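In: sequence and predicted structure are below.
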Amino acid sequence: MAHGTGGCRLAAAVLSVYAAGDWRKADVDLFHIYALGFWGNLWHPLLPTEYPPLSILPFSLTLLGPAAWYPDVFAFWMGAIAVLGYLAFRRLTSQRQANAYALYVLAAGVATLLFRFDLVPALITVGAVWLSQRGRFSAVYPLLAVATLMKLFPIVLLPVAAIAHWHSRRGDPGSRWTHVALGVASYAGIVAAGFIVASVVDPVHGLSSFTYDLRRPVEVESVSATVLWLGSIFGATASPDISFGSFNLMSSMSPVINALAAVALLCGLVGVYWWQLRGRFSVGQAAVAAVLVLLCTSKVLSAQYLIWVAPLLALTVGFQLRWFMVCLLTALVFPALWPDAVGHGAVVTYSAVLLAGTAVRNAALVSLTVRFLSVPGIDLEREPFGRQTAPARARTQVP
């Protein structure tokens with residue numbers, strides 16, 4: 001107990017170091033505006049433009065404290081949620097997995113954990129996976145639906161849940177399809193109802209999270225942007241751009257790279273689902289793999305997106321130095337390299353150091369993702385520095 005309390009204190013202390021960061025107001029200002037636009041005008045409430053409708057719930061945390069201190073109020077509540085996540089990991093899994101969760105999210109979210117809301121849908125998602133591992137599917141689909149209505153990324157985990165549900169009904173072939181179909185229908189019904197209500201409440205922004213993402217250019221921290229930058233070294237034109245609230249990279253190669261990324265996303269996800277269906281991936285491994293494929297192929301990869309996969313990694317593989325290094329490299333890109341690497345003059349510029357640092361992080365992320373996909377179970381049940389016991393090796397063998 002004393003050890004666990006010490007871990008909580010350590011997590012709280014490390015989180016508090018960043019509570020005064022200069023970056024804290026940027027996104028929180030927007031969250032605060034959205035919260036005021038919704039709750040301050042309930043006759044004609046306004047919903048977020050770039051986020052699904054239930055994102056208004058974490059945005060409303062900015063209102064739960066002194067109005068003048070809303071950035072710090074939001075940071076306080078997100079810090080409380082992060083600590084509650086740690087306590088849940090310790091209570092429901094193990095001390096080792098709880099520590100892995102704390103290390104991953106603190107490293108990856110060094111500048112974003114307290115000032116973005118991504119941890120909320122990430123923890124809901126990991127809760128759904130934890131329940132899937134225990135066969136409690138009546139709660140899995142609603143949880144995934146709620147997470148999707150906050151942030152769209154959990155949609156890639158719906159097939160993971162359905163396949164796990166299918167496997168769990170192996171002894172009841174007569175009602176197998178019925179149970180899985182009802183579960184998927186419950187997810188679809190909740191998500192559809194959420195967006196329908198949002199469209200009625202605010203016709204302009206009810207569905208804008210879909211159109212907003214489709215129209216966005218390639219964000220500079222993404223794997224696609226690294227490919228565009230490398231292409232510019234060999235003669236393809238590329239130029240910085242600020243739009244859609246992010247720093248982007250425009251290139252003559254963008255249409256081709258975006259098309260290839262879409263194909264890679266589709267093929268990667270289909271491969272993950274097929275391998276899970278064939279039994280090569282457990283539900284936890286499939287969930288990690290699906291989110292990793294999404295991160296590697298998305299044209300937007302902001303620093304906080306690593307928080308999507310961090311709790312899943314802690315749940316499924318525990319602490320692995322290689323994944324911890326990816327988290328640290330993410331913190332190297334933002335905030336370490338960012339302040340001095342992005343020029344804000346008449347024309348925005350990116351330094352070669354930032355682009356190279358991003359390329360190193362992306363290379364590590366892609367290579368470890370390919371490794372995770374190509375050798376199922378390679379990270380499972382291992383000790384932090386690669387040592388693995390004989391029983392653990394036996395458990396990870398693929399039949």
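Out: Structure's in. What do you need? Numbering: from 1, shown residues only.

In: helix or strand: which one has Gly65?
Out: Gly65 belongs to no helix or strand when assigned by DSSP states H and E.

In: give me the distance between Ala68 and Leu30.
Out: 17 Å (CB to CB, to the nearest Å). For glycine as for every other residue, the C-beta is placed from the backbone atoms N, C-alpha and C.

In: give me the more crowded residue out of the two.
Out: Leu30 (17 against 8; other CB atoms under 10 Å).

In: what is the burial count for the nearest residue to that one once chain neighbours are set aside?
Out: The shortest distance from Leu30 to any non-neighbouring residue, by CB to CB, 6 or more residues apart in numbering, is to Gly245 (7.6 Å). Neighbour count of Gly245, defined by other CB under 10 Å: 13.

In: domain parsing for this structure?
Out: The chain breaks down by automatic domain parsing into domains covering 1-92+113-208, 216-399.

In: quick one, strands of the stretch 151-300 of the chain?
Out: Here the stretch 151-300 of the chain has its strands, by DSSP state E, counting those that start in this stretch, at 238-243, 246-251.

In: need those strands in CSV with distance to Trp338, mean neighbour count and mean pLDDT, can you?
Out: Conversion of the strands of the stretch 151-300 of the chain to CSV gives the following (distance: least, CB to CB, whole Å; neighbours: other CB atoms under 10 Å; pLDDT from 0 to 100):
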stretch, distance to Trp338, mean neighbour count, mean pLDDT
strand 238-243, 13, 16, 88
strand 246-251, 9, 21, 91
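
In: coming back round to it: which one of the domains of the chain lies nearest to Tyr104?
Out: domain 216-399 (3.8 Å; CB to CB).

In: could you state which residue of the protein sits nearest its centroid?
Out: Residue closest to the mean C-alpha point of the chain, counted by CA atoms, centre = their mean, is Trp308 at 2.0 Å.

In: show the pLDDT at it.
Out: Note on Trp308: pLDDT of 97.

In: got the contact list for it?
Out: By CB atoms under 8 Å, 6 or more residues apart in numbering, the residues touching Trp308 are Asp118, Pro121, Ala122, Thr125, Lys151, Phe153, Val291, Leu295.

In: among those residues, which one has the most neighbours?
Out: The residue in those with the most neighbours, by other CB under 10 Å, is Ala122 (28 neighbours).

In: in which helix or strand would I find that residue?
Out: helix 119-133.

In: the residue nearest to the centre of the chain: what secondary structure?
Out: At Trp308 the chain is in helix, as set by DSSP: H, G, I helix; E, B strand; the rest coil.

In: how near is it to Phe210?
Out: In this view, Trp308 and Phe210 are 18 Å apart by CB to CB.

In: please name every helix or strand in contact with the strand or helix carrying Leu36.
Out: Secondary structure assignment for Leu36, by DSSP H and E: helix 25-39. If contacts are counted by 3 or more CB pairs under 8 Å, 6 or more residues apart in numbering; DSSP states H and E, helix 25-39 sits against helix 56-59, helix 70-92.
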